[in-house]
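S.K.: Just to be clear, the model below is a prediction. Sequence and coordinates:
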Amino acid sequence: CERFLILGLLPAGPGGSELRGQVRSVNRTLAAFSRSEGQHWLDMGALFLLPNGELREALYEEDGLHLSREGYRVWASEMSRFLAR
C-alpha cells in the first residue's frame with residue numbers, strides 16, 4: 001500500500017480575512033481525508049504565524065502569499081524533520 005504525505009496549505013493574507021478562513025477550511029478537509037485514508041498529514045501553518053495570529057512577514061514575499069527565501073528555509077527544515085521520522 002502506497003502512503004502519501006499530504007501537506008496543509010500555509011496561512012496567507014491578513015488574520016481574519018476570508019482567505020485565511022478558506023485556508024483553515026481546506027486544511028480541516030485535508031486532515032480528515034488523510035486520517036480516513038491512512039495517509040501522512042503535515043500542517044506547518046503555526047510555524048508561519050506570530051502568537052497573535054498574524055503572518056511572520058519575514059517568511060513571505062510582500063504579497064503575503066508566496067514564501068520568501070527564509071520562508072522556504074523554515075519549510076525545508078520542517079520537511080526534513082518530518083521525513084527523518
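M.R.: Sure, I can see it.

S.K.: Check which element follows the longest helix along the chain along the chain.
M.R.: Secondary structure of the chain per DSSP state H: the longest helix is helix 18-36. Per DSSP states H and E, the first helix or strand lying C-terminal to helix 18-36 is strand 40-42.

S.K.: Report the separation between the residue positioned nearest the centre of the chain and G71.
M.R.: In the chain, the residue lying closest to the centroid (C-alpha atoms, centre = their mean) is L10, at 3.1 Å. Noted for L10: a distance of 8 Å to G71, by C-beta to C-beta, to the nearest Å. No exception for glycine: its C-beta is placed from N, CA and C like everyone else's.

S.K.: Please enumerate the shared neighbours of the two.
M.R.: Common contacts of L10 and G71, defined by C-beta atoms under 8 Å, 6 or more residues apart in numbering, comprise F48.

S.K.: which parts of the helix or strand containing V74 are buried?
M.R.: Here V74 sits within helix 69-84, counting by DSSP H and E. Under the neighbour-count criterion of 16 or more other C-beta atoms under 10 Å, helix 69-84 has 71, 74-75 buried.

S.K.: Let's have these in JSON lines, adding pLDDT and distance to E54.
M.R.: Rendered in JSON lines, the data for those read as follows (pLDDT from 0 to 100; distance: C-beta to C-beta, whole Å):
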{"residue": "G71", "pLDDT": "98", "distance to E54": "15"}
{"residue": "V74", "pLDDT": "98", "distance to E54": "16"}
{"residue": "W75", "pLDDT": "98", "distance to E54": "18"}
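
S.K.: quick one: which of these is nearest to H40?
M.R.: Distance to H40 across those (C-beta to C-beta) is lowest for W75, with 16.0 Å.

S.K.: Was I right to think that closest one contacts M44?
M.R.: Yes - the criterion here is C-beta atoms under 8 Å, and W75 meets it with M44 at 6.6 Å.

S.K.: Please identify every residue contacting each of the two.
M.R.: The contact lists of W75 and M44 share L10, where a contact means C-beta under 8 Å, 6+ apart.

S.K.: ok, back up a step: ok, the buried residues of helix 69-84 vs S36, which is closest?
M.R.: W75 (25.8 Å).
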